[in-house]
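**Q** here is my input; please provide its structure:
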Amino acid sequence: MKQSISLLILVTFLFISCGKKQKEVAKVKVPEATPLKAIKTTEEITKDQDVYKAELVVDGIDVPWGMTWLPDGSMLVTDRSGELYHVKDGKKTSISNVPKVFDRNQGGLLDVMIHPKYKENGWIYITYSIVDKKEKGSHTALIRAKLENNALTSIEKLYQGSPNVKTAHHFGSRIAFDADGFVYFTIGDRGKRDVNPQDITKDGGKVYRLHDDGRIPADNPFVGQKDAKEAIFSYGHRNPQGMAVNPRTGQIWVHEHGPRGGDEINPVTKAVNYGWPVITYGINYSGTTITDEKARDGMEQPLYYWVPSIAPSGMTFVTSDTYPELKGHLLVGSLKFQYLELLTLTRDEKVASREKLLEGIGRVRSVRQGPDGYIYVGIDGEGVFKMVKKSSSSTKTTTTTNSKWKASAGSKPVSTETTEDTGNEKSAFTQVATADKKEVEVSLKRGKAVYNNVCAQCHLPSGKGVANAFPPLAGSNWLSDKPVESIRSIKYGLKGEIVVNGKKYNGVMLPLGLTDKQVADVMNYTSNSWGNKTENFYTAKEVNAVKKK
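**A** Numbering: from 1, shown residues only. Model (predicted):
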C-alpha cells in the first residue's frame, strides 16, 4: 500500500474545513532536503505569480481531447466530435477515413499517440467510443492506423470493451507507452460503478496493457483465469482521463475523476485493485454517501486526492529545460476550475504543494509536453495553446478565453438592479437584431460544444431533461421568462425547489465553473435550440453583471 504524509496533512485540512473526519494513513519519512508543505484545498492553493501566458497554436477545435506530434514537428489533434486534425504552422487539415465514433455526451474521438518507433513503423494509436451494431449500447475501443495523404490507412482494431453499456459517459480514455514498448490505455467504469470496476470478467474501470500489435502479454496478471479480460493490468478505477509515464521510475501514472470529491492520482501497479467504488474520498453528486469506507485491506490508497474535485483531465510530467523551475514535477488540467495545476513532487514521489498556472484559461481538456520542450494545453471550445513565459513576444497570445470575446456594438452591461427593478428581464439584454451576425454564429457553435460537454449528461442532448430529476430546457419558461435566474443558476448553482413549466423540481445543481463567455454562449445556444426562440443575445459583460443573491 502506498503511504503518504500528504494524505494525512490533507485529512487535517478537510477535517477543519469540511467537518468530516477522514481515516489517517501511515506516515512516511521524507528526506530533509525535500520537506513536505501543507496541502490546501482548491480555494486556498497558491496562485500563479503572473509568470506564464497561453499562446494560441490552433483554434476552432471544440473538445481537443488528445494530441501527439509527428517527426516533422506538426501535430495530430483529436476533436471529440469525431474530427482528427493535422496541425502545421497554425493551420489544421481534417484527416479522412477516421472510424465513426459514438458522439454523444462524453463519447467521441478520444486520445491519440504515435508509436515510440514511429519513424520506423508509422503506427498511430487512437481510442474512441464505438457502437457495435451486434449489441445495443457502446464502449471504448483502441485502434492503430497509418497516415497517408491526410487519410488513415491500415486500420487495425486492437481492443474493444465489452459488454456494451447503454450509458453515454465514463469512456476514459488515455494512451501511453512504457520503456518496454507496451501500450497502456484506460476505460472508465461506463457509469456502471457497481458492476464493472471490481469485476475482471467485464471491461470498464480498468487500466489495460497490450503488446503494440494488440497481443496479450503473457505476464499480464489475469492471463489464464476463467472468463477474465486478460488485457487488464489494474482495476477498481472510476474514470481515468490522465495518463503519463513517470520519467524517474518508468511507472505509468493515471489520474481519475472522483464523484463529488475524491479525484485521485494513482501510480499503476500490476494486478492492484484501486478500490472504486468500495472505497472513495468522494460522495454522490446529490450529497449522499457512496460508502463509509475510505480504506480496506487489499485495496490501494491513492498517491494523492482532491477534495473538492477539480475535474482533472490531461496530465504530463515536465522533463524539459524550457521550464527549469517546473522540471521534474507534474501538471494536471482542471475542467471545473479552468486552470493548469502544478503539483510539486518530492524525491520519493509524493505531492508536496500545489500551484495554479494559466488561471482562467478555460476548461483544460488535454495537457502534454511537445518535442520542442513546451507545454501544450487543449481548451474546450477554443483549441490548443502553448505555455510560454510572459516575457516572450508573440502576436497570437491570450491569457484567458474571455480575451478573444468582443461584445457587439451597442451592447451594454446588464445590472441586477436593472433586471430586478423593471420587472422585465428581457429588456435589459442586447437584442439579437443589433448583434453582429458572425458573432451570433460563433457563440451558438461554442455554446453547443459547452452544452454537450457540461450540461447534456443531466438535461440530455435533446434538452428534454429527465422526468422528476432534471427540468427540461426545451420549451423552458426559465429561458424565455427568467434569463437572469437562468444565468445565475449556471454561475452559482441551485439548491432547493424550483418550478419549471409549472412542475416542481427539488435537488442540487452545483456551479458549473464556466467563464462568463461560456455562460453567455450556453444561454445563446439553449435559448435558440429545440424550438426555443429569444430576442436576446447574451454577452460576457452582461453575464458578468449578474451577481449572486
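
**Q** so which residue is dead centre in the chain?
**A** When C-alpha atoms, centre = their mean is applied to the chain, the residue found nearest the centroid is residue 313 (3.6 Å).

**Q** that's a strand at it, yeah?
**A** Yes - counting by DSSP: H, G, I helix; E, B strand; the rest coil, residue 313 is part of a strand.

**Q** and it, how far is that from residue 66?
**A** Applying C-beta to C-beta, to the nearest Å, the value for residue 313 to residue 66 is 11 Å. C-betas here are computed from N, CA, C, even on glycine.

**Q** show me the common contact partners of these two, please.
**A** Among the neighbours of residue 313, those also in contact with residue 66 (C-beta atoms under 8 Å, 6 or more residues apart in numbering) are residue 366.

**Q** show me what contacts the residue nearest to the centre of the chain?
**A** 241-242, 333-335, 364-367.

**Q** now do the contacts for the closest residue in space to residue 369 that isn't next to it in sequence.
**A** Here the nearest residue to residue 369 in space, its sequence neighbours aside, is residue 316; by C-beta to C-beta, 6 or more residues apart in numbering that works out to 5.0 Å. Residue 316 makes contact with 244, 330-331, 367-369, 375, according to C-beta under 8 Å, 6+ apart.

**Q** for the stretch 251-400 of the chain, which spans come out with low pLDDT?
**A** 392-400 (pLDDT under 70).

**Q** surely residue 541 forms part of a helix?
**A** Yes - according to three-state DSSP, residue 541 belongs to a helix.

**Q** what is the burial count for it?
**A** Neighbours of residue 541 under the rule other C-beta atoms under 10 Å: 18.

**Q** got it, and residue 355?
**A** The burial count assigned to residue 355 is 18, neighbours taken as other C-beta under 10 Å.

**Q** 50 is where my numbering starts, stick with that
**A** With 50 as the first residue, the last one maps to residue 404.

**Q** what about it, which SS state?
**A** strand.

**Q** excluding covalently adjacent residues, which one is nearest to it?
**A** residue 391 (4.3 Å).

**Q** where does this structure have its least confident helix or strand?
**A** helix 465-470 (a mean of 30; mean pLDDT, DSSP states H and E).

**Q** so after that helix, what's the next helix or strand?
**A** For helix 465-470, the succeeding helix or strand toward the C-terminus, using DSSP states H and E, is helix 486-499.

**Q** and that following helix, what's buried?
**A** 488, 491-492, 495-499 (16 or more other C-beta atoms under 10 Å).

**Q** likewise for stretch 414-430?
**A** Buried, per 16+ other C-beta under 10 Å, within stretch 414-430: 414-419, 423-430.

**Q** cool, and stretch 190-206?
**A** So, applying 16+ other C-beta under 10 Å, buried residues of stretch 190-206: 190-194, 196, 201.

**Q** quick check: the two most widely separated of these?
**A** 190 and 196 (18.6 Å; C-beta to C-beta).

**Q** what segments of this structure are helices?
**A** Listed in chain order, the helices of the chain (DSSP state H) span residues 54-67, 167-170, 465-470, 486-499, 505-508, 526-530, 532-541, 565-575, 589-593.

**Q** and the last one, C-alpha only, in CSV?
**A** The C-alpha atoms that make up helix 589-593 are tabulated as CSV, following Å, rounded to 0.1, in the frame of the first residue of the first chain:
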residue,chain,number,x,y,z
ALA,A,589,-19.9,38.1,-21.4
LYS,A,590,-20.2,41.6,-20.0
GLU,A,591,-23.9,41.1,-19.3
VAL,A,592,-23.3,37.7,-17.7
ASN,A,593,-20.6,39.2,-15.5
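
**Q** isn't residue 161 up against residue 128?
**A** No - using C-beta atoms under 8 Å, residue 161 is not in contact with residue 128; the gap is 10.7 Å.
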